[in-house]
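> Quick one: sequence and predicted model below, then my questions.
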Amino acid sequence: MRGARSAPALLALLALLGAAAGAAGLAAPPCDGMKKALCRESSSCRWGGRKVRCVGAKDACDAVQGKKKRKKCGGVSALRCQCSLRPLKKKGKCGTCVPTQAGEPPLPPRRNPTAAEECEDPFAEGEAKLPEGLCVRRFVDPQMVSPPGNLWYPRAIICSEETGGDLLVLDRGRDGSPPRILALRDRDGDGVVGAGEFAVLLDSSTAEGNVTGLNHGIAVHSGFLYASSFEKIWRWPYQPGQSAPLGAAELVIDEISRVGPPGEGGEPGAPMGHKTRTLVFDNEGRLYVSVGSVSNWDGDSYRSRIRRFPGLSSVPAGGAAAASWPIDFRTGEVFADGLRNEVGLAWQNGARKVLWGVENGGDNLSTPGFGDIHQDNPAEELNRFPIDQPGRHYGYPWCFSEYNIPAPFGGGAGTQWAFRPSDWPGKDDAFCKAPENNVPPALSMQAHSSPLGLRFYGAEWANATEACATPPALPCSYLGSLFVSFHGSWNRDVPTGYKVVRVPFSAGLPVGGDPEDFLRPQGPQGPGISGAWPTTELRPVDLAFGSDSKLFVTAGKNGELLSIYTPDLVGA
């Protein structure tokens, strides 16, 4: 393999450097035998690259070849990584780890990339725009993981300690191809998933248990993997890092598509309305399920809620019948009410005491008081849900949040207004403005952006505060920020959305104002300018952070799964 050292040569190198470290009074780190994920979480060990085991941090520079794959000799203060001194250094030549001389100046800080050639295989080169110093690339070739004859449709993704560091992807399928669940792992550390680095955990066309219609929701908790269609939730026994196909499915929850007394839209439910069912668990083992409205503006909020279900993990595998499953969805606790379509859900941190969600507002908004204001209203909402405050109402369908109503009529972004008070007596502007009746959003965002996914940087991985200091992690300055994927508009004259944004937080709350663009198409931005990607036509769906703190982004319609990362340019 290009640039790889032979095993004997590497062992000799390790022995030589171990002796040098001993002479400097340093104990060799106990890296041998550590698995890749644990190795990367260690401050004194590094993964040595393709087919190279976990080695001391001082050895990693020599163990990995190539400009794009160098590793710092971090964590060992008496050593540093020095490039070989040659008149014309070979592009693939890695430097050697040598003792730092007394009084020698420290290494210069790593450079930020300033040109596309410093990002390896950049995605949408010349069209994608990121903050300086970051790169975006395909994490996996769509054709490699797609079923024969069709392009896959990646929707929700999760990556955590509960998945063993694997990126689990729900592929919705398209044009007759069956929905699937895949596990992806970059085993050789080259930044992409190769042919032997993914597994199909579930192909619904051959799955046991009549599993059909999987379309978005996926979660892992206490030894089970859960996934949803528009009307059902199933589970399978699952172990972190599993690559073997899932076994027989157990039907956990049914009747999700039902509604209450027919409102505007009425039965039969999901086939006429929003079909995603987002799934998350808190640390007490309770499952939260978000369901959107039947129509654009329902007559009630019976279906537009997040419901909560305790005790699922206490039922052992195969115990569905004894537990009288499936559970009728309508019997679940109403955790949060009045949410038109809260697709994205995410925990703020590992304590899982505060759940956050992004709500897709209504279309074609016209009111008796304002007339047609649908271009910039209602706002897309970022909502906060403390788990110890269940049952609160967030406005839909009686109230809506302003994003931009021209002066002097509007009250500013986030102002609450009644939709059609004549249709719901008592649900007027005064009612909507009272927080005890209608909880306002924590942040109001551009109408029709269609937020679908969100993740807090540092919430899923305990090692993020250390990992952020080393490529490919996103910078530590982003820790605690919320990242949101905007799928993009269909109901606006000038398209908006089609990007990933960052919401800075302070003291546990958004700092206010519009989110910062993070991944978007190149070119000017602003009123009257389309936000759509002219060539790639990218439409982001979901987000997840890996164990190495790079950010993954799905774009289902495009069949894309991307990674956003900091390139390792030490010595470049």
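Done, it's in.
> May I have the beta-bridge partners of Arg520?
In this entry, Arg520 is beta-bridged to Lys129, by DSSP bridges.
> Tell me the spacing between it and Ala532.
According to Cβ to Cβ, to the nearest Å, Arg520 and Ala532 sit 10 Å apart. To be clear about C-beta, it is placed using only N, CA and C from the backbone, and glycine gets the same treatment.
> Between these two, which has more neighbouring residues?
Taking other Cβ atoms under 10 Å, Arg520 and Ala532 do not tie; Arg520 has more neighbours (21 against 17).
> what's the pLDDT at the more buried one?
Per-residue confidence (pLDDT) for Arg520: 98.
> quick one, helices of the stretch 251-400 of the chain?
In the stretch 251-400 of the chain, no helices are defined using DSSP state H, counting those that start in this stretch.
> low-confidence ranges in it?
259-272 (pLDDT under 70).
> rerun that using 90 as the cut-off
257-273, 294-295, 299, 303 (pLDDT under 90).
> and stretch 313-327, which residues are buried?
Across stretch 313-327, burial judged by 16 or more other Cβ atoms under 10 Å covers 313, 315, 320, 325-327.
> These into a markdown table, with extra columns for distance to Pro540?
Formatted as a markdown table, the buried residues of stretch 313-327 follow (distance: Cβ to Cβ, whole Å):
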| residue | distance to Pro540 |
| --- | --- |
| Ser313 | 31 |
| Val315 | 36 |
| Ala320 | 36 |
| Trp325 | 35 |
| Pro326 | 33 |
| Ile327 | 33 |
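> tell me which of those residues is nearest to Gly176?
Distance to Gly176 across these (Cβ to Cβ) is lowest for Pro326, with 27.2 Å.
> if we can go back for a sec, can you pull the residues that touch both of Arg520 and Ala532?
Here Arg520 and Ala532 have Tyr498 as joint contacts, going by Cβ atoms under 8 Å, 6 or more residues apart in numbering.
> Stretch 276-293: end-to-end distance?
10 Å (Cα to Cα, to the nearest Å).
> which of the buried residues of stretch 313-327 lies closest to Gly299?
Ranked by distance to Gly299 (Cβ to Cβ), these are led by Ile327 at 26.1 Å.
> Leaving out chain neighbours, which residue sits closest to the closest one?
Ile253 (4.8 Å; Cβ to Cβ, 6 or more residues apart in numbering).
> now the helices: where do they sit in this protein?
For the chain, the helices defined by DSSP state H occupy 7-23, 36-41, 60-63, 142-145, 429-433, 464-467.
> Spit out the contact partners of the closest residue to Gly391 other than its chain neighbours.
With Cβ to Cβ, 6+ apart as the criterion, Gly391 has its nearest non-adjacent residue at 5.9 Å, and that residue is Val334. Residues near Val334 by Cβ under 8 Å, 6+ apart: 305-307, 390-391.
> Apply 10 Å and report the result again.
301-302, 305-308, 390-393 (Cβ atoms under 10 Å, 6 or more residues apart in numbering).
> Now flag whichever of these is closest to Trp417.
The nearest member of the contacts of Val334 to Trp417, counting by Cβ to Cβ, is His393 at 15.5 Å.
> if I read this right, that closest one contacts Asn438, doesn't it?
Yes: using Cβ atoms under 10 Å, His393 makes contact with Asn438 at a distance of 6.1 Å.
> what's the overlap in contacts for those two?
Common neighbours of His393 and Asn438 (criterion: Cβ under 10 Å, 6+ apart): 338, 399.
> and those two? which has more neighbours close in?
Set His393 next to Asn438 and count neighbours by other Cβ under 10 Å: Asn438 wins out with 22 against 18.
> Quick check, that one in contact with Phe419.
No: taking contacts as Cβ under 10 Å, Asn438 lies outside contact range of Phe419: 11.3 Å.
> and for those two, which residues touch both?
Joint contacts of Asn438 and Phe419 (Cβ under 10 Å, 6+ apart) are 395-396, 398-400, 427, 432.
> and Asp188, how many neighbours?
Neighbours of Asp188 using other Cβ under 10 Å come to 18.
> and it, what pLDDT?
So, for Asp188, pLDDT stands at 94.
> right, and it touches Gly194 too?
Yes: applying Cβ under 10 Å as the test, Asp188 and Gly194 come out as touching, 7.1 Å apart.
> And Arg80, what's its pLDDT?
With respect to pLDDT, Arg80 has a value of 37.
> need the contact list for the closest residue to Ala532 other than its chain neighbours.
Closest residue in space to Ala532, ignoring its immediate chain neighbours: Pro495 at 4.4 Å, by Cβ to Cβ, 6+ apart. Applying Cβ under 10 Å, 6+ apart to Pro495 gives the contacts 448, 488-489, 529-533.
> What's the PyMOL line that selects buried ones from these?
Only the buried entries of these go into this PyMOL selection, using 16+ other Cβ under 10 Å:
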select buried, resi 448+488+489+530+531+532+533
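> Going by distance to Val169, which of the contacts of Pro495 wins?
For the contacts of Pro495, the nearest to Val169 is Gly488 (20.7 Å; Cβ to Cβ).
> Show the contacting residues for the closest one.
Here Gly488 is in contact with 448-450, 452, 495-499, 531-533, 537-540, 557 (Cβ under 10 Å, 6+ apart).
> Just the endpoints, please. Distance across stretch 394-414?
First-to-last distance for stretch 394-414 - Cα to Cα - comes to 12 Å.
> in it, what counts as buried?
In stretch 394-414, counting by 16+ other Cβ under 10 Å, buried: 394-405, 410, 413-414.
> what's the neighbour count on the residue lying closest to Val354 once chain neighbours are set aside?
Of all residues beyond its chain neighbours, the one nearest Val354 is Gln348 (4.6 Å), with distances taken as Cβ to Cβ, 6+ apart. As a burial measure, Gln348 scores 20 neighbours (other Cβ under 10 Å).
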